[in-house]
Every structure is written in C-alpha cells, then in structure tokens.
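> quick one: sequence plus predicted model below, questions after.
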Amino acid sequence: MKPGLLKKWWSYITDVHIESMSSPYNESIHVLLSKGRYQLCTPNAIYSYADKYTNFRGVFERLNMGSPPLETVLILGFGLGSIPYMLEKVFKKEMIYTGVEIDETVIYLASKYVLGELVSDIELIHSDAWTFMVQNTTKYDIICVDVFVDDQIPRVFCEKEFLDLAQASLITHGILLFNHLGLTTRDISKARKYFDEVFVKVFKDGTMLQIEGNVMMISDKKRIS
C-alpha cells in the first residue's frame, strides 16, 4: 500500500502514525511513516525501515555479491521486509527470498504495507525461526538473522547450536549476517563477548561491523570490502 502524497510529504517533517496493533509476541507494535518509508517499531526497537534500515544496508554496501554470485536469501525475522525492499529497490538485485516470521501480526502488516510494492520472489513462512532451522534441509547463499523480541535476541539464537544449524544451511561460499544491538557501551561489550566466545568458534573467518546503533556479525570477512 503506497502512502498518500500528503502523508508522505508530512513524514519528512515528523513521523506519521499509521497503525498500532498488539500480538502474543509484541504487546505494542506500530507502523509509522518516516521520511517517506514505512517503519515498524516497538517501544524500544525498530524492526524495519525500508531502505533506511541502516544496519543491513551498511553491510550490503560493502558486501561482494558477485563472485560467486549470491541469489537465494533466508531471512529469519522478516519484519516489514526491509531486506528484500532495499536489495530490490536500491541495489537492483534479483533474488529469491524465504522469510520466516513468528508473529502473524507482523506478517499481516508486511503484506498490507510493503509486499505489494515488490516484484521479487518471496515465500513468507509463519514459524518460529528455531523450529524452522531445526527442520530445514535447503541451503542458501545468504542467511540474514534479525530475530528480536522488542530489543532482545531470544537466548536460543545466541547458542552455538543455532550457529551450527545456520552453517549447515549455507552453501559452500554462503554468508551469514547476524544483527546485534550496539546502542550502548554495554550492548557493544555484550556483542563482542558473544563474537569472541561463540561466533568465531563456528565461523573462523568472521568479522564485526559497528553500524550506527547495531553490531553486524558477518561469517566471512573476505566478502567484505
């Protein structure tokens, strides 16, 4: 659903409230129009922000997606679909997406506000990301992990077992992108500890990028320029 011209214009001056809902996973979740883009947020976190979702955009700007080519993308924590939106609209990539989202309300909002604007092949699955990964047998070129409940990553996704599952779901030259909070010194210290003690034990060539209020963990530093 494209926003009206007046709302879109006004959103460059101040955020425009579009809709609020609640769900078993998000007591309060809001769709705003901000700088002409739909934004999905909770009281403490932004889940999606179209091509202004700077954490993943910052990685994609530095990611070598051409050698070997990356074509299939698994998104754990789909939100409003910022990842396919920016890859299609900004980076002009033709990719095939599988999105996994636990919150049926978020799926509804993504379908209502964003998916109609995209031409990419997107399969959206209503499932817990952990359950999906345990059962998954498909291998992907890119796995994007953006799994939050408000501003917290559920503990199960910070265990080595999850990274083992992710590694098994990547093609030989595939890449994992894992979003962590980096708003405060405590957030950054926590992310660094996880990276050093867990992440690089599975992805030995991994690296970290601090992008605004996030710490992005990448499984293969050779893919980053």
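Done, it's in. Please read all numbers here as calculations on a predicted model, not as lab measurements. Numbers count the residues shown, from 1 in each chain.

> going by C-alpha atoms from here, please, whenever you check contacts or count neighbours.
Noted.

> residue 126: neighbour count?
15 (other C-alpha atoms under 10 Å).

> name all residues that make contact with it.
100, 101, 102, 103, 104, 107 (C-alpha atoms under 8 Å, 6 or more residues apart in numbering).

> what about the residues you listed, which are in strands?
100, 101 (DSSP state E).

> determine which two of the contacts of residue 126 are furthest apart.
Between any two of those, the greatest separation by C-alpha to C-alpha is 10.5 Å, found for 100 and 104.

> hmm, back to that, of the contacts of residue 126, closest to residue 177?
Nearest to residue 177 among the contacts of residue 126, with distances taken as C-alpha to C-alpha, is residue 100, at 15.0 Å.

> for this protein, what are the low-confidence residue spans?
The model of the chain has no residue with pLDDT under 70.

> mind listing what the residue most central in space within the chain touches?
Nearest to the mean C-alpha position of the chain, by C-alpha atoms, centre = their mean, lies residue 146 at 4.0 Å. Residues in contact with residue 146 (C-alpha under 8 Å, 6+ apart) are 75, 76, 77, 78, 178, 179, 180.

> I'd like the residues you listed laid out as CSV, including distance to residue 129, neighbour count and secondary structure.
Compiled in CSV, the contacts of residue 146 are given as follows (distance: C-alpha to C-alpha, whole Å; neighbours: other C-alpha atoms under 10 Å; DSSP: H, G, I helix; E, B strand; the rest coil):
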residue, distance to residue 129, neighbour count, secondary structure
75, 9, 23, strand
76, 6, 25, strand
77, 7, 24, coil
78, 10, 28, coil
178, 13, 21, strand
179, 14, 22, strand
180, 16, 26, strand
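
> could you measure from the residue nearest to the centre of the chain over to residue 45?
12 Å (C-alpha to C-alpha, to the nearest Å).

> and the helices in the protein?
5-10, 54-62, 82-89, 104-113, 129-135, 160-168, 185-194, 200-202 (DSSP state H).

> can you name every helix or strand that the last one contacts?
Meaning helix 200-202. helix 160-168 (3 or more C-alpha pairs under 8 Å, 6 or more residues apart in numbering; DSSP states H and E).

> then the helix it packs on to PDB, C-alphas only?
The C-alpha trace of helix 160-168 is given here as PDB (Å, rounded to 0.1, in the frame of the first residue of the first chain):
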ATOM      1  CA  LYS A 160      26.500 -22.300  19.300                       C
ATOM      2  CA  GLU A 161      23.800 -24.900  18.300                       C
ATOM      3  CA  PHE A 162      22.000 -22.200  16.400                       C
ATOM      4  CA  LEU A 163      25.100 -21.200  14.500                       C
ATOM      5  CA  ASP A 164      25.800 -24.800  13.700                       C
ATOM      6  CA  LEU A 165      22.400 -25.000  12.100                       C
ATOM      7  CA  ALA A 166      23.000 -21.800  10.200                       C
ATOM      8  CA  GLN A 167      26.300 -23.000   8.900                       C
ATOM      9  CA  ALA A 168      24.700 -26.300   7.700                       C
END
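
> quick check: buried residues in it?
Residues of helix 160-168 classed as buried under the neighbour-count rule (16 or more other C-alpha atoms under 10 Å) are 160, 162, 163, 166, 167, 168.
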